[in-house]
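> sequence and computational prediction follow.
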Amino acid sequence: MQDELEPGGPAATLTREWQPPAELNTGIPHPARMYDYYLGGKDNFPADREAAEKIIALMPDARLGARLNRAFLGRAVEFAAGCGVRQFLDIGTGIPAVGSTSEVAHRVAPDARVVYVDNDPIVLTHARALLAHHPAGYTTVLHADLRDPAAILADPGLKQALDLSRPVALMLVAVLHFVRDEEGAAETVARLRDALAPGSMLILSHGTQDLMTPQMAEETTRIYRGASSPLVLRARAEVEAFFGDFELVDPGLVQLPLWRPQGQLHEGWQQAAPAYAGVAVKR
């Protein structure tokens, strides 16, 4: 739908009086802030914008790609909530914008509980500010890193917010391609999957070199080497392996905009979205 691709939104109003934390290194591009720039947000710095503009020069439809990823997130959350899931664990959430997990989940199911997890101070600041717009106790924000799943699962805030003996939608949307194999990407996802109850879902999107020219893939990864987290593009089989023994729902693992699209696809989507997306269920 057209409105699910619109950038900006209510979260932007939270930035006007904000000052960056003293410990924040604004001289190094951060993928979450670059993504915010692609979406038309204001929570980014010159280093983020410079790196993002290099990506846009290489991939002129990069902004559309970010919106297509955000739209997938919305469709997947609607699907999970429609299946009765009332708990969402969104790791690597990014800076809040229109169509966030909590916004979509609470529109479908006002009693849904959402936990955001991120390691970027800007993300945490704005996500916590959004708590004022949600019923008390239904949205929680945790400071943790995807690469340390044990710490996430042991966090008292997570234990208070979610009941892991009941279904949870684990959301790893456009984040695993910033975790290297040597950092335990596969082991991290397996640890999180194992902690979930039957009926839980894994919602995942991931960049891939399969849908790029070799030159574009090489240049994209080169640009991200200067960011706080380098980009790791993976082939289809590698992305599918993250789902483990979870059962992919129709249409399976597909190019991102093709996962249950709503309405007509925007022109240029093939080039704008070199990524796979899928949703799977734990039986």
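Arrived safely, thanks for sending. Residues are numbered from 1 along each chain as shown.

> can we go C-alpha only for contacts and neighbour counts from here?
OK.

> spatially central residue in the chain, please.
residue 173 (3.1 Å; CA atoms, centre = their mean).

> what sits against that one?
Under the criterion of CA atoms under 8 Å, 6 or more residues apart in numbering, the neighbours of residue 173 are 69, 73, 91-93, 203-206.

> and these, which is the shakiest by pLDDT?
Lowest pLDDT of the contacts of residue 173: residue 93, 87.

> number of residues surrounding it?
25 (other CA atoms under 10 Å).

> that one touches residue 117, doesn't it?
Yes: counting by CA atoms under 8 Å, residue 93 touches residue 117, with 6.4 Å between them.

> quick one: contacts for the closest residue to residue 166 other than its chain neighbours?
Excluding the flanking residues, the one nearest residue 166 by CA to CA, 6 or more residues apart in numbering is residue 197, at 5.6 Å. By CA under 8 Å, 6+ apart, the contact set of residue 197 is 164-168, 282.

> same list (the residues you listed) but as a markdown table, adding distance to residue 57, secondary structure and neighbour count.
Formatted as a markdown table, the contacts of residue 197 follow (distance: CA to CA, whole Å; DSSP: H, G, I helix; E, B strand; the rest coil; neighbours: other CA atoms under 10 Å):
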| residue | distance to residue 57 | secondary structure | neighbour count |
| --- | --- | --- | --- |
| 164 | 44 | coil | 16 |
| 165 | 47 | coil | 11 |
| 166 | 45 | coil | 14 |
| 167 | 42 | coil | 22 |
| 168 | 39 | coil | 26 |
| 282 | 40 | coil | 20 |
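
> and the strands in the stretch 1-150 of the chain?
Using DSSP state E, counting those that start in this stretch, the strands assigned to the stretch 1-150 of the chain run over residues 87-91, 113-118, 139-143.

> before we move on, back to that, mind checking how far the residue nearest to residue 166 is from residue 160?
17 Å (CA to CA, to the nearest Å).

> what score does the residue lying closest to residue 61 once chain neighbours are set aside have for pLDDT?
In this structure, residue 61 finds its nearest non-sequential neighbour in residue 272, 4.8 Å apart by CA to CA, 6+ apart. Per-residue pLDDT puts residue 272 at 91.

> returning to that earlier point: so can I have TSV of the contacts of residue 197 showing pLDDT and distance to residue 111?
Formatted as TSV, the contacts of residue 197 follow (pLDDT from 0 to 100; distance: CA to CA, whole Å):
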residue	pLDDT	distance to residue 111
164	98	16
165	98	17
166	98	14
167	98	14
168	98	14
282	98	22
